[in-house]
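A.B. asks: predicted model follows, preceded by the sequence.
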Amino acid sequence: MTPEIIHSLKKHVVGMYVPMQRYETHKIKTLWQQFAPRKHKLANLVNNTSIAMQTFSLNEKGQPESTFNMWACVEVSELSNIPNDMEGFTIPEGKYLKVLHKGMDASATYHKIISEWLPNSGYAIDDRPHFQVMGEKYKNGSPDSEEDFYIPIKSI
């Protein structure tokens, strides 16, 4: 794991989301099954990559609330011509920790970031969406799969 701190410009995305809790991971597969066949028909696509995004609120301790929205989406150049059964969202500009994740155990990579990297970094999780970019090297269900994690951070 080689973390990189980057500044990401705002991104417009269009997709579908489902409210869920951590233990409801079965909802993710259904969400992607609904979205994936339709994503290439969207107007204003920036590229062919898919984005999995989580939007949630932080509680008074700075921890994510138990219910959050899981998104299946793609980046677009502008929020126009959005199909009726989809939503648009703007990921705010800001500082992110970018980590290349390899394999199938995304929760282990995320746990390592939160428990090992974050406490010694001088940063805290910011109240902006977390997202994963699944590009050409993403292979769903394969140990050779690669995707980039983007975790919003702020200086403490």
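C.D. replies: Here it is on my side, so go on.
A.B. asks: which elements pack onto the helix-or-strand element of the chain with minimal mean pLDDT?
C.D. replies: Between all helices and strands in the chain, the lowest mean by mean pLDDT, DSSP states H and E belongs to helix 106-112, at a mean of 88. Helix 106-112 is packed against strand 146-155, with contacts defined by 3 or more Cβ pairs under 8 Å, 6 or more residues apart in numbering; DSSP states H and E. Where C-beta positions appear, they are placed from N, C-alpha and C, glycine not excepted.
A.B. asks: give me the helices and strands touching the strand it packs on, please.
C.D. replies: Going by 3+ Cβ pairs under 8 Å, 6+ apart, strand 146-155 lies up against strand 94-102, helix 106-112, strand 123-125, strand 130-134.
A.B. asks: longest helix in the chain, by residue count?
C.D. replies: helix 26-35 (DSSP state H).
A.B. asks: picking up where we left off before, in the least confident helix or strand of the chain, which residues are buried?
C.D. replies: T109, Y110 (16 or more other Cβ atoms under 10 Å).
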